[in-house]
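J.: Build me a model from this:
(chains A and B)
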Number of protein chains: 2
Amino acid sequence: MTQPRPHGSVRPGGRTARTRIAVLAAVLEELEHDEFARLTVERIARRSGVHAATIRRRWQTVEGVLCDLLAERSRTTIPVPDTGAFRSDLRALAESIAAFHGVPRNEHLLSSVVAAAARDPRADTVLREAFGERLRYVSTLVQRAVERGELPPETDGEEVIAALGAPLYYRLLIVRRPLDDQLVHTAAEAAYHAAVAGVFTRA
Amino acid sequence: MTQPRPHGSVRPGGRTARTRIAVLAAVLEELEHDEFARLTVERIARRSGVHAATIRRRWQTVEGVLCDLLAERSRTTIPVPDTGAFRSDLRALAESIAAFHGVPRNEHLLSSVVAAAARDPRADTVLREAFGERLRYVSTLVQRAVERGELPPETDGEEVIAALGAPLYYRLLIVRRPLDDQLVHTAAEAAYHAAVAGVFTRA
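T.: Got it, this is the predicted structure:
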């Protein structure tokens, strides 16, 4: 993990890092109890043992903490596949995304963050940055496919990854039904066929 | 427009229909003033001249009204294209969706509705039903393509339409950047190539 962190920290293992871990862990526990709607900075402070003022200084709002948590969990639990072939990389990535959001707590977190971004411009910025960073990072698998000669040279990796993920997030946020194997299959295959056909080459 | 209405109305032009129009128009005006966060049933009642009790009986909450408004506006402003060819139908549909959400008020409405669905199970149900109905209706263009022999016979029309729309909604809700011509192009072309390759045929 060599990606920049969204909230300007710091030495891993330092006090700031420990504070962050304590706060994010506390929020995860709160989400388990399905009390997100009543989640407050004070409640997070009580459960984490971190002062409310410290939480406010670093994340400003509950929404800020939620966005950081989603970014962190995506980063650590959805690996970038490297199976040796583009098609199976896409399939593996779609499976990981589906497995991640198959956990009710994570799906709940996603809805909460998207809802927060609709209300709060700071949460909007955090979400945009977190997903932008994530897209750039995961798109390295597309770069490898280009280098292996599986895709046209000018293929835009971020567009491919967005195309793969889009049907999964659309299902969760708009259609509002659970992800399933069929959707994992069609999302990966649709992105594959479109990329190979040159749909995502830069103009 | 022969689709069923989501809230169990009625003769067009009847009192119930007029009430609905007044309420939806009032909410649209409220959204123009960018005061969604403070939108209440009382505020809608004041602007529409419809009793708050009537609004509550029919839509229960502000979220219910917002979902109905989104469904209604999508229905009336995003036509189902019929250009004579599958590829240009997809392109036309992507353009209409982008034009719809290019209006700030509509984009605002979408975020608000998705946020509402995250908090309120009733809004969740309304959103799911509205988009489900919409997918079924728009997927008639896929059926026509199958009949013309442009697509494999077992193509699932709703999956094709979801695949076309997904990158647009993903951009708006997750990536949080505006829709543009490039995305309209890639969304339509990706859905086209995947459908023609047989990705969306029923198992």
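J.: residue contacts, the residue nearest the centre of chain A?
T.: Centroid-nearest residue in chain A, with Cα atoms, centre = their mean: A:S74, separated by 4.1 Å. Taking Cβ atoms under 8 Å, 6 or more residues apart in numbering or on different chains as the criterion, A:S74 is in contact with A:100, A:130, A:134. For glycine as for every other residue, the C-beta is placed from the backbone atoms N, C-alpha and C.
J.: Also A:I78?
T.: Counted by Cβ under 8 Å, 6+ apart, A:I78 has contacts A:93, A:96-97, A:100, A:138.
J.: at 7 Å instead, please
T.: By Cβ atoms under 7 Å, 6 or more residues apart in numbering or on different chains, the contact set of A:I78 is A:96-97, A:100.
J.: which of the residues you listed tops the neighbour count?
T.: A:I97 (22 neighbours; other Cβ atoms under 10 Å in any protein chain shown).
J.: give me the element that residue is part of.
T.: Assigning secondary structure by DSSP states H and E places A:I97 in helix A:86-102.
J.: Mind checking the pLDDT average for that helix?
T.: For helix A:86-102, mean pLDDT is 95.
J.: Could you do stretch A:158-169 as well?
T.: 96.
J.: Run through who's touching the helix holding A:I97.
T.: A:74, A:77-79, A:81-83, A:106-107, A:110, A:138, A:141, A:145, A:150-151, A:164-165, A:168, A:172, A:179, A:184, A:187-188, A:191-192.
J.: Of all the residues in it, which ones are buried?
T.: A:86-87, A:89-98, A:100-101 (16 or more other Cβ atoms under 10 Å in any protein chain shown).
J.: Serialize the residues you listed to CSV and add fields for distance to B:A53.
T.: Formatted as CSV, the buried residues of helix A:86-102 follow (distance: Cβ to Cβ, whole Å):
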residue, distance to B:A53
A:F86, 59
A:R87, 58
A:D89, 57
A:L90, 53
A:R91, 54
A:A92, 54
A:L93, 51
A:A94, 48
A:E95, 50
A:S96, 49
A:I97, 45
A:A98, 44
A:F100, 44
A:H101, 40
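J.: Just the closest of these to B:V196, please.
T.: A:R87 (17.4 Å; Cβ to Cβ).
J.: Please tell me how far the closest one sits from A:A188.
T.: 8 Å (Cβ to Cβ, to the nearest Å).
J.: How about the secondary structure of the residue lying farthest from the centre of chain A?
T.: Distance to the chain centre peaks in chain A at A:G149, reaching 28.5 Å (criterion: Cα atoms, centre = their mean). For A:G149, the assignment made with DSSP: H, G, I helix; E, B strand; the rest coil gives coil.
J.: Burial check on A:E133, number of neighbours?
T.: 17.
J.: Likewise for A:H193?
T.: The burial count for A:H193: 20, using other Cβ under 10 Å.
J.: same thing with the one 3 residues further on?
T.: Burial of A:V196, expressed as a neighbour count using other Cβ under 10 Å, amounts to 18.
J.: Show the model's pLDDT score for the residue farthest from the centre of chain A.
T.: 97.
J.: can you tell me how far it sits from A:F86?
T.: 10 Å.
J.: any idea how far A:G165 lies from A:A98?
T.: 10 Å.
J.: Check A:Y169 too.
T.: From A:Y169 over to A:A98 (counting by Cβ to Cβ), the distance is 11 Å.
J.: again, but for A:T54
T.: From A:T54 to A:A98 the distance is 36 Å (Cβ to Cβ).
J.: now swap in A:R176 and tell me
T.: 15 Å.
J.: for chain B, what are the nearby residues on chain A?
T.: Within chain A, the positions near chain B by Cβ under 7 Å from any Cβ of the partner chain are A:37, A:111-112, A:114-115, A:117-119, A:124, A:127-128, A:131, A:159, A:162-163, A:165-167, A:169-170, A:173-176, A:182, A:186, A:189-190, A:193-194, A:197, A:199-200, A:203.
J.: In PyMOL, how would I select just the buried ones from those residues?
T.: Here is the PyMOL selection string for the buried members of the residues of chain A next to chain B, based on 16+ other Cβ under 10 Å:
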select buried, chain A and resi 111+112+114+115+117+118+124+127+128+131+159+162+163+165+166+167+169+170+173+174+175+176+186+189+190+193+194+197+199+200
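J.: quick one on the thing from earlier: separate out the buried members of the contacts of helix A:86-102.
T.: A:74, A:78, A:81, A:106-107, A:110, A:138, A:141, A:145, A:150-151, A:164-165, A:168, A:172, A:179, A:184, A:187-188, A:191-192.
J.: Give me the subset of the residues you listed that lies in helices.
T.: Residues of the buried ones among the contacts of helix A:86-102 located in helices (DSSP state H): A:74, A:106-107, A:110, A:138, A:141, A:145, A:164-165, A:168, A:184, A:187-188, A:191-192.
J.: what two of the residues you listed are the furthest from one another?
T.: The widest separation within those (Cβ to Cβ) is 29.3 Å, between A:E107 and A:A145.
J.: who touches the residue farthest from the centre of chain A in this structure?
T.: A:G149 touches nothing, counting by Cβ under 7 Å, 6+ apart.
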